[in-house]
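[1] Mind looking at a prediction? Sequence and model below.
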Amino acid sequence: MKYSINHVHIRSADPQASASWYEKYFGATKLFEREVMPGTVTISMEMGGPVRLNISSKPEGTSDARSVAELHQLGLEHFGFDVEDLESELKRLEADGIRVVLPLTQVPTGTRLAYIEGPDDVLIELVQRP
């Protein structure tokens, strides 16, 4: 059987604010907003490719522990977006006060990348292919 990634899922203290952030900075569009798991709200977003981004509220009674948007964490460290012009994207994001975790870096294959901090302490990689 062949498998493909269906979605990336983020827990958020404010799913609507997080969804608005992805709409503003990455052109995401809401597919739906509804209760999927009892007592939580899930916003499913189209991101321009086959993988959806789901943002859900925290279930009542669960931990308030947060992750850290840094490189080299165990577990899900980050997810990435393809971009056409990494330098202009970084300027745009930095102008709005978004923290750059790793500045523009070119790897031996010619790919250029950088990491930023998204809402909910999410680490996001921006990738510009040669």
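    It's in. Numbering: from 1, shown residues only.

[2] any idea how far the residue of the chain positioned farthest from its centre lies from residue 8?
    For the chain, the residue at maximal distance from the C-alpha centroid (CA atoms, centre = their mean) is residue 1, at 28.2 Å. Distance of residue 1 to residue 8, given as CB to CB, to the nearest Å: 21 Å. Placement of C-beta: from N, CA and C, glycine included.

[3] Need the pLDDT of residue 77.
    We note a pLDDT of 82 for residue 77 in this prediction.

[4] Three-state assignment for it, please.
    Here residue 77 is recorded as coil under DSSP: H, G, I helix; E, B strand; the rest coil.

[5] check contacts around the closest residue to it other than its chain neighbours.
    Distance criterion CB to CB, 6 or more residues apart in numbering; nearest residue to residue 77, sequence neighbours excluded, is residue 123 at 6.3 Å. Each residue near residue 123 by CB atoms under 8 Å, 6 or more residues apart in numbering is listed here: 69-71, 73, 77-78, 101, 115-117.

[6] Next up, phi/psi of residue 49, please.
    phi -150, psi -170 (degrees, to the nearest 10).

[7] do you know how far it is from residue 76?
    Residue 49 is 18 Å from residue 76, by CB to CB.

[8] Kindly report the same for residue 103.
    Using CB to CB, one obtains 23 Å as the distance from residue 103 to residue 76.
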